[in-house]
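Visitor: how would this look folded up:
(one chain, ligands or ions: 2)
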Amino acid sequence: MIRVKEVKKNYGELQVLKGITLEVKENEIITIVGASGAGKSTLLHIIGTLDTPDSGEIWFDDINISSLSSNKLATFRNNNIGFVFQFHHLLPEFTALENVCMPAWIKGISKKAAEKKAIELLELMGLKERIFHKPNELSGGEQQRVSVARALINQPKVILADEPSGNLDTQTKNDLHQLFFTLREELKQTFIIVTHDNELAEMADRKIKLKDGKIDISYIFA
Ligand SMILES: Nc1ncnc2c1ncn2[C@@H]1O[C@H](COP(=O)(O)OP(=O)(O)O)[C@@H](O)[C@H]1O
Ligand SMILES: [Mg+2]
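Guide: Residues are numbered from 1 along each chain as shown. Ligands and ions are numbered 1, 2, ... in the order given. Reported below is the predicted structural model:
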């Protein structure tokens, strides 16, 4: 479903990605691991169309996203890619419900239809009693589950998560990881997750290690 072909990225003299080739299948959960500074976030941002490679291609099914204009790319991103970051990036002045609705409103879905879907998702996240709370009235784990619901609302092809549990205590972290696998079963959702968490990396269908700007082949098959 997603094909990353020979992607290279430099920042000045620094060669961060030296040719990354990777395929992600529908309904797969893959994790990306590697030392700090290995280029994990850079790769995730490039797959998520938030950043562009110096060379190489990213394909979503039969669409080469490198060929899209920036307008088309923004629409493509909002409709097809869900993001979950280490820090939730929820809008503080809006309720959980409004935060989850936001990507659907941007897509042009009616207020009523967006709210119906958002409430369903928030219920699925176990947040039924929290929908009118603002981010600062929610615990860290609840905030992350709201961001997962927000990432899901437009039924994206893939959810990209960058150290989503990096800021959570052990129990909350395990609950969030379990949620990813539940969503994979119930919504047939595909995930690419950057993580430092060994347990999550072991649970995933595949773990991919970035090292020296390349995929460490010995590790994939370990
Ligand atoms: N916008 C940028 N400008 C310059 N250097 C950057 C930029 N983004 C990341 N880097 C550098 O690229 C390397 C990889 O960063 P990153 O992808 O964030 O690594 P990771 O997520 O694996 O910790 C690091 O050395 C980082 O300092
Ligand atoms: Mg990072």
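
Visitor: separation between K173 and ligand 1?
Guide: 18 Å (Cβ to the nearest ligand atom, to the nearest Å). (Glycine included, C-beta is placed from N, CA and C.)

Visitor: er, A96 actually
Guide: 28 Å.

Visitor: Give me the neighbour count for that residue.
Guide: 27 (other Cβ atoms under 10 Å).

Visitor: out of everything not next to it in sequence, what's closest to it?
Guide: The shortest distance from A96 to any residue other than its chain neighbours is 4.7 Å, reached at V146 (Cβ to Cβ, 6 or more residues apart in numbering).

Visitor: in a helix, that's where T172 is, yeah?
Guide: Yes. Under DSSP: H, G, I helix; E, B strand; the rest coil, T172 falls within a helix.

Visitor: I figured it hits G140, correct?
Guide: Yes. Using Cβ atoms under 8 Å, T172 is in contact with G140, at 6.5 Å.

Visitor: Spell out which helix or strand contains the residue nearest to A96, please.
Guide: helix 140-152 (DSSP states H and E).

Visitor: Could you do F191 as well?
Guide: strand 190-194.

Visitor: go on, F76?
Guide: helix 70-80.

Visitor: Listing partners with orientation, what would you give for the helix or strand just after that helix?
Guide: Following helix 70-80 in sequence order, the next helix or strand is strand 81-84 (DSSP H and E). If you go by DSSP bridges, strand 81-84 pairs up with strand 158-162 (parallel).

Visitor: In the strand it pairs with, which residues are buried?
Guide: Neighbour-count burial for strand 158-162, with 16 or more other Cβ atoms under 10 Å as criterion, is recorded at V158, I159, L160, A161, D162.

Visitor: which residue sits closest to the first one, ignoring its sequence neighbours?
Guide: When the adjacent residues along the chain are set aside, V158 lies closest to T190, with 4.6 Å between them (Cβ to Cβ, 6+ apart).

Visitor: Is the one you found in contact with L160, as I believe?
Guide: No. Here T190 does not reach L160: they are 9.8 Å apart, not a contact under Cβ under 8 Å.

Visitor: Quick check, N99 in contact with L91.
Guide: Yes. With contacts counted by Cβ under 8 Å, N99 reaches L91, the gap being 5.8 Å.

Visitor: what do those two both touch?
Guide: Residues touching both N99 and L91 (Cβ atoms under 8 Å, 6 or more residues apart in numbering) are P135.

Visitor: Give me the neighbour count for L168.
Guide: Neighbours of L168 (other Cβ under 10 Å): 20.

Visitor: For the protein, what lies in contact range of ligand 1?
Guide: Y11, L14, V16, G34, S36, G37, A38, G39, K40, S41, T42 (Cβ under 6 Å from any ligand atom).

Visitor: Make a ChimeraX selection of the buried ones in the residues you listed.
Guide: Buried members of these, defined by 16+ other Cβ under 10 Å, are picked up in ChimeraX with:
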select :16,34,38,39,40,41,42
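
Visitor: Which ones among the residues of the chain next to ligand 1 map onto helices?
Guide: Secondary structure from DSSP state H places K40, S41, T42 of the residues of the chain next to ligand 1 in helices.
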